[in-house]
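*Asks:* make a model of this:
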Amino acid sequence: MHTPALRLVPAHDTPEPPRTARRDIARENHEAALAADDARAAFAIEVARSIEGGRAALLRPEVRRSLVQAAQGKGLRPFDANLIIAVVQDAVRREAPVSSIDPTLRVIPRPGVGGTAPWVMWAFAGVAGLAIFGVLVALVSGG
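*Replies:* The predicted structure follows:
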């Protein structure tokens, strides 16, 4: 059986990804990384500092309540705050560094993402109401 010989290819023969593809890849990588000021990462560090009991990874109920309230102040939902607490406790129990949970934290929505601010909905309702009112006035006036 004959195996094909390997050959070296000059650098100019290898296709280079288009500039837009490189830009898209760089943007995806940047968005995937948790920034130091990311509320999820900051909250995870706060949780890790509050854990007691070493590998037992204990949080007293009043400490947990305080942490969840602090997370809500940073824009996190209570569900997401409790999820981050559980992930950090698991990491501590496995003796893994808190930084190892970054991929898991990316799954949790960033504060303010996934919902619409109430004022936006009220503004939209107001504009829609004015538009409907204008249409009704036009119909009634025969225009």
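
*Asks:* and the longest helix for this structure?
*Replies:* With DSSP state H setting the assignment, residue counts place helix 118-140 as the longest helix in the chain.

*Asks:* name the SS class of the closest residue to residue 108 other than its chain neighbours, please.
*Replies:* Excluding its sequence neighbours, the residue lying closest to residue 108 (CB to CB, 6 or more residues apart in numbering) is residue 80, at 5.0 Å. Quick note: C-beta positions are derived from backbone N, CA and C, even for glycine. In terms of secondary structure, residue 80 is helix; the call rests on DSSP: H, G, I helix; E, B strand; the rest coil.

*Asks:* let me know how buried residue 80 is, in neighbour terms.
*Replies:* 23 (other CB atoms under 10 Å).

*Asks:* residue 73 now?
*Replies:* Around residue 73 there are 9 residues (other CB under 10 Å).

*Asks:* pLDDT below threshold where in the protein?
*Replies:* Confidence mapping of the chain against pLDDT under 70 gives the ranges 1-4, 6-18, 22, 24-37, 112-121, 143.

*Asks:* which residue ranges of it form helices?
*Replies:* Listed in chain order, the helices found in the chain under DSSP H are 19-32, 39-50, 61-73, 78-93, 102-107, 118-140.
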